[in-house]
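In: no sequence on this one, just coordinates:
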């Protein structure tokens, strides 16, 4: 940060900003924001509360799959969901190496079906 310190109000703005960025980039797809982990180092609090640190890498992923609704024609329909999250490393999450929070996303509840 150029000015100030990492704190809850600033971090909440970062999370909302990432979600808005995803909504603008993928306007026809629902966006799900995974709540980020937050660390509280042993440092003196400032005017806006305690020091709060988010993971350093902000991510937006646009995902597609088969249709959620079983009555839809699988040849003509797919489902989509855009996910935003923060992570500590640059590695692309994949399979069992992905964070449990990402693997636990309720696709059937959050994704939206669409026609090709």
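Out: Noted; the coordinates are in hand. This is a predicted model, so every value here is computed, not measured.

In: what strand or helix carries the spatially most central residue of the chain?
Out: In the chain, the centroid-proximal residue (CA atoms, centre = their mean) is residue 84; its distance is 1.9 Å. Assessed by DSSP states H and E, residue 84 sits inside strand 77-87.

In: and that strand, what does it pack against?
Out: Here strand 77-87 touches helix 8-25, strand 31-33, strand 57-66, helix 100-103, helix 107-110, strand 112-115, going by 3 or more CB pairs under 8 Å, 6 or more residues apart in numbering; DSSP states H and E. C-betas here are computed from N, CA, C, even on glycine.

In: so which of those gets nearest residue 47?
Out: With distances scored as CB to CB, the stretch of these nearest to residue 47 is helix 8-25 (10.1 Å).

In: the inter-axis angle of the closest one versus strand 77-87?
Out: Counting by axes from the mean of the first three to the mean of the last three CA atoms, to 10 degrees, helix 8-25 points 150 degrees away from the direction of strand 77-87.

In: so where is the protein shaky, pLDDT-wise?
Out: Within the chain, the stretches with pLDDT under 70 are 1-3.

In: quick one on the thing from earlier: looking at the helices and strands packed on strand 77-87, which is closest to residue 48?
Out: Shortest distance between residue 48 and those, using CB to CB, is found for helix 8-25: 5.3 Å.

In: quick check: buried residues in the closest one?
Out: 11, 15, 18, 19, 22 (16 or more other CB atoms under 10 Å).

In: got a markdown table for those, with distance to residue 41 too?
Out: Formatted as a markdown table, these follow (distance: CB to CB, whole Å):
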| residue | distance to residue 41 |
| --- | --- |
| 11 | 13 |
| 15 | 19 |
| 18 | 22 |
| 19 | 25 |
| 22 | 28 |
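
In: ok, the strand holding residue 84: who's next to it in the sheet?
Out: Using DSSP bridges, the strands paired with strand 77-87 are strand 31-33 (parallel), strand 57-66 (antiparallel), strand 112-115 (antiparallel).

In: thanks again, I'm all set now.
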